[in-house]
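**Student:** structure for the following, please:
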Amino acid sequence: MKTDKIRVRFAPSPTGPLHIGGVRTALYNFLFARQHGGTMILRIEDTDQSRFVPGAEQYITESLRWCGLDFDESPEKGGPHAPYRQSERSDIYRTYIRQLIDAGHAYYAFDTETELEELRSQAKAGGKTFQYDQHTRKSLRNSTALPAEEVESYLASGAPYVIRVRIPENEPVTVHDLIRGEVTVNTQNLDDKVLFKSDGLPTYHLANVVDDYLMQITHVIRGEEWLPSAPLHVLLYRFFGWESIMPQFAHLPLILKPDGNGKLSKRDGDRLGFPVFPTAWKDPVSGELFSGYRESGYLPEAVINILAHLGWNPGMGTEQEFFTMEELISLFSLERVGKHGSKFDPEKARWFNHQYLQRLGDEELSQYLKPWFDQYGLDPDPGYIIRVTGMVRERSSLIPDLWANSWYFFMRPEQYDPQVYQKIWQPGTAALLQDILAETERLEEFTAETFHTLVQEYTSRTGVKMGQVMNPLRLLTVGSSQGPGMMDLAAILGKEEFTARIRAGLQKLA
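**Tutor:** Below is the predicted model of the structure:
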């Protein structure tokens, strides 16, 4: 079964939230497919029912959709090779496992988990590691060691069993990897992996090989954690007689912790203060909540660029760092993917998002404040919102920063930072501000310029320092020392609101 058209697949397991390493794998598959005018498939590999997590599949599809990655064939869309959930393809796998058994490439194993655990313990006690392989299989309870009639008796009695691959002895197996070149492993170092479990479902090894063949996958682009399994997969293609048309492999480098010491794990993000999931995830069992890039205030375009650079570079001597999806599609190539892991830099991720926020116009950016207006029952004038957004955008790296830097334009402070108060408030401060307030209320035209002139004349006339005026004004206006230039802040609030805040603050702090 062969096709001239590029066909790739992203095949996650619904065992929990989708790690950003998985999103990067999906992205690289997507870019490769789109660049070659090929087909992108989403396949849900849910044969491990013991680790299945309710809601995980929906989480995966929603997260990928938020990232802007779409699929040509999937459980939702269907397609010519449906179904796209492996749990719905059990009859297909039974046909192919039977072929392997009949050809002598797989066998029944009746050993119980208790028996195997005892063997592992004995080996460990002797400083060794137990492995179910060509060296040990003949001494265990399986169809390569038992008489045929005993095997039939076990099967007829309904005794539980698994089906293992029969790894040949002392043969080199070469994996041709588009990123790493040729990787050769001798079968002496491979164990007889389980291909079919006692629950009647296949393991990843059998299911992914069969599905990739039937779905005409031309390139398998996946994480390097699957590289040790690749020789087994090559053997399975050989056993089925598909070796000449099997997919080309490309094993992507790991995404590393910020210090470069090991793979970035699902637990690292919240522990180190940044998300490792595209969207927030609440564990349905423990109720534990994990942060996501969407909810933390990242734009999907920024996340895509962050991930694109974790393992790939555009080459050509370019210093360009920001790419549209169309540009990534045109530039991407597996030849530019490195072999070594890439450290995840959370500060660089924030910087990327800051740059993408700054590329948006004030009006477009102002729309991101709407959830807070809804939360607090506010209905500001749209033109006013846009003016405020233009004032605070430069100091905002994440979407929540927009609100954190602007809320005081829409709501009066109810409290005043005690540390700032203790630092700046002096015995004569209240009287000084009463003078400023009185002069401000007499201003006919209230702008940043006229207010600046007023304060400047006052400080020149009285000998008061500018900071003795500005710092207390800011405290009464916003409740802290934050905010843009005081003159601009006052002008945007307007004379009526600005003076009302000064009066209210003086009353509260009297």
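**Student:** got the contact list for the closest residue to Val455 other than its chain neighbours?
**Tutor:** Counting by Cβ to Cβ, 6 or more residues apart in numbering, Val469 is the residue found nearest to Val455 once chain neighbours are left out, at 5.7 Å. Any C-beta I mention is one placed from the backbone N, CA and C, and that applies to glycine too. By Cβ atoms under 8 Å, 6 or more residues apart in numbering, Val469 lies in contact with Leu432, Leu433, Ile436, Val455, Tyr458, Thr459.
**Student:** I'd like the distance between the fourth one and Lys370.
**Tutor:** Plainly put, Val455 is 35 Å away from Lys370 if you go by Cβ to Cβ, to the nearest Å.
**Student:** same question for the last one.
**Tutor:** Remark: distance between Thr459 and Lys370 (Cβ to Cβ) = 40 Å.
**Student:** returning to what we had before: the residue nearest to Val455: which element?
**Tutor:** helix 466-478 (DSSP states H and E).
**Student:** and stretch 107-126, what's buried?
**Tutor:** Applying a neighbour-count criterion of 16 or more other Cβ atoms under 10 Å, one finds Tyr107, Tyr108, Ala109, Phe110, Asp111, Leu119 buried in stretch 107-126.
**Student:** could I get those residues as CSV with distance to Tyr416 and pLDDT?
**Tutor:** Listed next are the buried residues of stretch 107-126 as CSV, based on distance: Cβ to Cβ, whole Å; pLDDT from 0 to 100:
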residue, distance to Tyr416, pLDDT
Tyr107, 77, 98
Tyr108, 77, 98
Ala109, 73, 98
Phe110, 75, 98
Asp111, 72, 96
Leu119, 70, 96
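**Student:** narrow those to those in strands?
**Tutor:** Of the buried residues of stretch 107-126, the ones assigned to strands by DSSP state E are Tyr107, Tyr108, Ala109.
**Student:** what sits against the second one?
**Tutor:** By that I understand Tyr108. Remark: with contacts taken as Cβ under 8 Å, 6+ apart, Tyr108 is in contact with Ile101, Asn142, Ser143, Val151, Tyr154, Leu155, Tyr161, Val162, Ile163.
**Student:** report the buried members of those.
**Tutor:** By 16+ other Cβ under 10 Å, those give Ile101, Asn142, Ser143, Val151, Tyr154, Tyr161, Val162, Ile163 as buried.
**Student:** looking at these, which is nearest Ala510?
**Tutor:** Ranked by distance to Ala510 (Cβ to Cβ), the buried ones among the contacts of Tyr108 are led by Val162 at 80.0 Å.
**Student:** got the angle for the helix or strand hosting Ala491 vs helix 466-478?
**Tutor:** Using DSSP H and E, the element containing Ala491 is helix 486-493. Interaxial angle of helix 486-493 relative to helix 466-478 (axes from the mean of the first three to the mean of the last three Cα atoms, to 10 degrees): 30 degrees.
**Student:** residues touching helix 486-493, excluding its own?
**Tutor:** Outside helix 486-493, the residues within contact range by Cβ under 8 Å, 6+ apart are 384, 387-388, 391, 409, 446-449, 451-452, 470, 473-474, 477-478, 483, 498, 501.
**Student:** just checking, what packs against the next helix or strand after it?
**Tutor:** Once helix 486-493 ends, the next helix or strand along the chain (criterion: DSSP H and E) is helix 495-509. Based on contacts counted as 3 or more Cβ pairs under 8 Å, 6 or more residues apart in numbering; DSSP states H and E, the elements that helix 495-509 packs against are helix 429-441, helix 466-478.
**Student:** and the contacts of Tyr108, which is closest to Glu335?
**Tutor:** Sorting the contacts of Tyr108 by how near they are to Glu335, with Cβ to Cβ, puts Ile163 at the top with 39.0 Å.
**Student:** low-confidence bits of this structure, can you list those?
**Tutor:** Low-confidence segments of the chain, defined by pLDDT under 70, span residues 1-3, 316-317.
**Student:** can you list the domains in it?
**Tutor:** As given by automatic domain parsing, the domain ranges for the chain are 7-74+206-256, 91-196, 268-358, 362-410, 418-509.
**Student:** just to revisit the earlier point, mind checking which of the helices and strands packed on helix 495-509 is nearest Gly377?
**Tutor:** helix 466-478 (20.4 Å).
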